[in-house]
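*Asks:* From the sequence below, what's the structure:
(4 chains, ligands or ions: 2)
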Amino acid sequence: MASIFKMNVLNNIESIRKEFPILNTTVNGNKLIYLDNAATSQTPNCVIDSISNYYKNLNSNIHRGVHTLSQLATEKYEDTRKKFKTHFNAKSSSEIIFTAGTTHSINLVSSGFNEFLSKEDEIIVSQLEHHSNIVPWQMLCEKTGAKMKVIPMNNNGELDLIAFSNLLSNKTKIVFVNHVSNALGTVNNIKEIIDKSHSVGAAVLIDGAQAVPHFRVDVTELDVDFYVCSAHKFCGPTGVGILYGKKEWLDKLPAYQGGGEMIDEVTFEKTTYSDLPNKFEAGTPNIAGVIASGIALDYINEIGLENIKEYEDYLLQYATDKLLEIDGLKIFGESINKTSVISFNIKDIHPYDIGSVIDNLGIAVRTGHHCAQPIMDFFKIPGTIRVSFCFYNTTDEIDTLVNALKKASTMLS
Amino acid sequence: MASIFKMNVLNNIESIRKEFPILNTTVNGNKLIYLDNAATSQTPNCVIDSISNYYKNLNSNIHRGVHTLSQLATEKYEDTRKKFKTHFNAKSSSEIIFTAGTTHSINLVSSGFNEFLSKEDEIIVSQLEHHSNIVPWQMLCEKTGAKMKVIPMNNNGELDLIAFSNLLSNKTKIVFVNHVSNALGTVNNIKEIIDKSHSVGAAVLIDGAQAVPHFRVDVTELDVDFYVCSAHKFCGPTGVGILYGKKEWLDKLPAYQGGGEMIDEVTFEKTTYSDLPNKFEAGTPNIAGVIASGIALDYINEIGLENIKEYEDYLLQYATDKLLEIDGLKIFGESINKTSVISFNIKDIHPYDIGSVIDNLGIAVRTGHHCAQPIMDFFKIPGTIRVSFCFYNTTDEIDTLVNALKKASTMLS
Amino acid sequence: MKIKDIQDQIVEEFDIFDSWMDKYEYLIELGKSVPVIDDSNKIEENIIKGCQSKVWLHAEKNNGLIEFYADSDAIITKGIVSLLIRTFSNQKPEDIINASLDFIDKIGLRQHLSPNRANGLNNMIKKIKFYAIAFSKTN
Amino acid sequence: MKIKDIQDQIVEEFDIFDSWMDKYEYLIELGKSVPVIDDSNKIEENIIKGCQSKVWLHAEKNNGLIEFYADSDAIITKGIVSLLIRTFSNQKPEDIINASLDFIDKIGLRQHLSPNRANGLNNMIKKIKFYAIAFSKTN
Ligand SMILES: Cc1ncc(COP(=O)(O)O)c(C=O)c1O
Ligand SMILES: Cc1ncc(COP(=O)(O)O)c(C=O)c1O
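*Replies:* Residues are numbered from 1 along each chain as shown, chains lettered A, B, ... in the order given. Ligands and ions are numbered 1, 2, ... in the order given. Okay, the predicted model is just below:
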């Protein structure tokens, strides 16, 4: 892997694929074709090795430890924080909080907003969200009485930003929108959303779970207040999330969980909290996972996010063209600004039936509502078949997919 | 490893140690002697391999997936739940919730009690607790106005259960005590605490972080309402916690985090929650970690918790005797009912100085307040040196420790 | 025919096919013959949970025997339901309650069903037995 | 002597010792000679955070030069503080502000200090520079 440096993906696809052992396994007697990357991406050897190495060489509880192992583990853990600080161009490492995942990150913020909201206030969500960016805020509204407004979308699966402007007012306290829709792939114009929100004094949380794996994100340039993502979607391990928060906000936000690490002094009468980032990292974190997430970040940076984007755009275009040749296939989400996600149905065949048939041919796709029921409600469908590409996928795999879909369609019509 | 079956530890110590690659590393030029097991235990090959195998063969997002990988990952994840159900003798697998750690588990419960407490109510903690079992409840008291009472301890580091009885009343809503103190090793008489609490209608949460690695716990026999622990303390990976909760309680407790998986249906108007255990597992869990935790559980069960306890008791006795030969050494926590943890100071030498010196000799111990400041306050000390043994430690290591301590003591006196 | 015999018959029929694809196609064919539930019975309480697809199941008792009606929006699911209905329709409540089901494994479909679907299948069987228990207490 | 020269001197002294143990023992010895802070100055605001042990640091300005006083409850920490004080005491504020510190690495102690301690060390240096900045603005 050491030799991969900002490599052009297309010319190096074979050596890239070799880094992902799972791509060489078979499913139901067929070579696995993994097209469920928006649910979770696969894991390269360097990330797997990082976890093994951690447990073989430096496993130890971090912070406060005086012995060498604990020191080394702490250093690696804190170095990882610096990597993410640099990657996202945050102002300080203490603006990077490690959590258990995007969902955890969002709940940390939404739960803190409990203190900032009253029943006169409003918060704004979009119709394009993953349940993880809806439900925590609904729970918040239930507790505080605040009202939730919804940015509508058009038939292409794009948010209506004029409607958004009309929803904004000085009652708006926070706006939470995903950078990229997991169900449709739409890339939202979050810069405009952030700027407009700030003009009425509202904070903005951006759910970047589907963005971080595909292109570079600069939180300072975006001037975003909170930005969240999950490591398992960018070739990292499960159980790790990243929360970027502006220092001003993280200072204001109350601590989420209580425990070790996040406190300075504890007596039964009074407890004082630690400074950032420890205030939000109660208990023993997923140390091995966090360190491995940093290795995953290094890995995608070594290939180069520009190269990844270029190649994935190419796959997206190729797949879209081929899929549209299938009789009766309809794509949902037709924004010109999309990541490599295609949601579709064929005729009125149930997506679940298609998914089952092509699974038997070794092809992994996701079917259903993709944790985004409001989108399905909008299109008045029970669900879709979703294929989502990573930089290790190939046009050959897309050809096989298309043939399998044709077969399934014939069988099931 | 396959051949280890309920093996007598003493006779098999060499083959057991071979399973832990880190035990063969060196620190500062000396062979590592790892005596910080109460902070985190080391990881056997089978657990490390389980994680690698997961990423190499079945990494995939669980639940709702129609394709084979997702099915296999879901099966392994749910089988792991059954393992813990069996191990703890819970009534149903849905009483086992996977979290990110003990701290997370406790916060899940304490946050839910928000709905059950008013300012007339009282909750009871013990003086022996880890900060993780104090701070979340302090935060709860701040929100609800409920009052926190403290079970005092005696000079041996044992809880005063007569005083406890006097604290109990029909105002008491929940009692939270650890099974074993991480700082002193005291095994608390939790059966009596549970029964007495139930007699006034109070719920009981037991923090089993330091118990589960050392002896068998039967939640049905204990009749406990909530029992929590962390995988990284019983040879499992970081980032995984287990929460057992009685069905009646988990049904009553409000959902903690909102997100995918934990909902049944989502519209902007109304969201319905899933059944147990999904209600409490929002977002993509630490799938690899959870599965590996099950392998860790299998591993300690293969050695046999009875064998582990017998051997660790032997180490505890051996070490206690040897340590007490050191001039000016004082042990804190002298209950006759202890796990293999020894907290001590030598003369008035700062524990941190001792820790630094013996670290240079390759010996990893913990120094400081061990996230249990109220215990340090009780003994009026800034901290202790804590050695904590696992079943892979040896009497030879203890001899080396004792020599190192003598050397350090001479240097620092 | 007894429940056991019907199951054996199903296993025999599927034995003809070597590939899962042919089995799937036969299943889909069978799905088309399912005694379709009346639209008026496609109500919330007749929906079976645990499937990505929806399944409705309705039962009636005639002359001491139970008759099942079903539908699903997914055609493979409908094929599976059709096998269940064929097995359990026109049987006595007691026989349904006591029946053990093995044809799913024997026709080699289990490994081609997702756990979602297997889960859905379990819920269907539960619902069928639930009807049988309910009807065994009525006349 | 200039800050740089004092640092060189310290490095030379430590060069005599081969083993970290001898270095530690010398450090402990040095700790005993630290200009001890007055008990009246052992106040909250003079405590330096980031150590498992407590460190108090106090400074005064005499004739344009800063003098440091310190104490710690841990003897190794005290040895480290003593080196810092030796380096920075009786220096002009500007020189302290502009000084760069390298003896810690050169005497080979860095790898024998925990990051906790390294963290504590950084905080001590910060505090020393903080005093220098404050005093540079007074007369
Ligand atoms: C008794 C006790 N409770 C709680 C905890 C916190 O566990 P974790 O850090 O895994 O959340 C620990 C671990 O240090 C402990 O020893
Ligand atoms: C847009 C979006 N938000 C949030 C999530 C939730 O992420 P996680 O399950 O890792 O918490 C996902 C992943 O499915 C997602 O795609």
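
*Asks:* tell me, how many neighbours does the nearest residue to A:A372 once chain neighbours are set aside end up with?
*Replies:* Excluding the flanking residues, the one nearest A:A372 by CB to CB, 6 or more residues apart in numbering or on different chains is A:A183, at 4.0 Å. The C-beta positions use only the backbone N, C-alpha and C, and glycine is treated the same way. A:A183 has 30 neighbouring residues, counting by other CB atoms under 10 Å in any protein chain shown.

*Asks:* ok but A:A183 is inside a helix, no?
*Replies:* No. Counting by DSSP: H, G, I helix; E, B strand; the rest coil, A:A183 is not part of a helix but coil.

*Asks:* right, and it touches A:G383 too?
*Replies:* No. Using CB atoms under 8 Å, A:A183 is not in contact with A:G383; the gap is 9.4 Å.

*Asks:* So for those two, which residues contact both of them?
*Replies:* Shared contacts of A:A183 and A:G383, defined by CB atoms under 8 Å, 6 or more residues apart in numbering or on different chains, comprise A:369-370, A:376.

*Asks:* how many other residues sit next to the nearest residue to A:T220 once chain neighbours are set aside?
*Replies:* In space, and not counting its chain neighbours, A:T220 is closest to A:N89: 4.9 Å by CB to CB, 6+ apart. Residues lying near A:N89 (other CB under 10 Å) number 14.

*Asks:* same check, this time on A:E115
*Replies:* So A:E115, with other CB under 10 Å, has 10 neighbours.

*Asks:* Need the nearest residue in space to it, chain neighbours excluded.
*Replies:* Closest residue in space to A:E115, ignoring its immediate chain neighbours: A:P254 at 5.8 Å, by CB to CB, 6+ apart.

*Asks:* Can you check what pLDDT the model gives that neighbour?
*Replies:* Looking at A:P254, its pLDDT reads 95.

*Asks:* Domains of chain A: list them as residue ranges, please.
*Replies:* Domain ranges of chain A: A:4-39+A:304-412, A:48-301, per automatic domain parsing.

*Asks:* Report how far apart the opening and closing residues of the longest one are.
*Replies:* Yep, that's domain A:48-301 we're talking about. 17 Å (CA to CA, to the nearest Å).

*Asks:* Could you tell me how far it lies from the centre of the chain?
*Replies:* 10 Å (CA atoms, centre = their mean, to the nearest Å).

*Asks:* Show me the residue at the heart of chain A, geometrically.
*Replies:* In chain A, the C-alpha nearest the mean C-alpha coordinate belongs to A:A209, at 1.2 Å (CA atoms, centre = their mean).

*Asks:* How about the contacts made by that residue?
*Replies:* By CB under 8 Å, 6+ apart, the contact set of A:A209 is A:102, A:130, A:132, A:178, A:182, A:228-230, A:233.

*Asks:* so where's chain A shaky on pLDDT?
*Replies:* Residues of chain A meeting the criterion pLDDT under 70: A:1-7.

*Asks:* Near chain C, which residues of it? Just list them.
*Replies:* Listed as neighbours of chain C in chain A under the rule CB under 8 Å from any CB of the partner chain: A:28, A:349-353, A:356-357, A:359-360, A:367-368, A:382-383, A:411-412.

*Asks:* between the residues you listed, which is nearest chain D?
*Replies:* Checking the residues of chain A next to chain C against chain D with CB to the nearest CB, the nearest one is A:G368 at 46.7 Å.

*Asks:* Any idea what the closest one is bridged to?
*Replies:* A:G368 has these beta-bridge partners by DSSP bridges: A:T384.

*Asks:* my guess is it contacts A:I375, does it?
*Replies:* No. The pair A:G368 / A:I375 is not scored as a contact, 11.6 Å apart, by CB under 8 Å.

*Asks:* Of these two, which one has the most company?
*Replies:* Neighbour comparison, A:G368 and A:I375: the larger count goes to A:I375, with 27 against 23 (by other CB under 10 Å).

*Asks:* Could you pull up phi and psi at the nearest residue to that one once chain neighbours are set aside?
*Replies:* Spatial nearest neighbour of A:I375, chain neighbours left out: A:A183 (5.0 Å); criterion: CB to CB, 6+ apart. Backbone dihedrals for A:A183, given as degrees, to the nearest 10, come out at phi -80, psi -30.

*Asks:* ok, now how distant is the residue nearest to A:E115 from B:W249?
*Replies:* Distance from A:P254 to B:W249, counting by CB to CB, to the nearest Å: 26 Å.

*Asks:* separation between the most far-flung residue of chain A relative to its centre and chain C?
*Replies:* Within chain A, the residue lying farthest from the chain centre (CA atoms, centre = their mean) is A:E269, at 40.6 Å. According to CB to the nearest CB, to the nearest Å, A:E269 stands 50 Å off from chain C.
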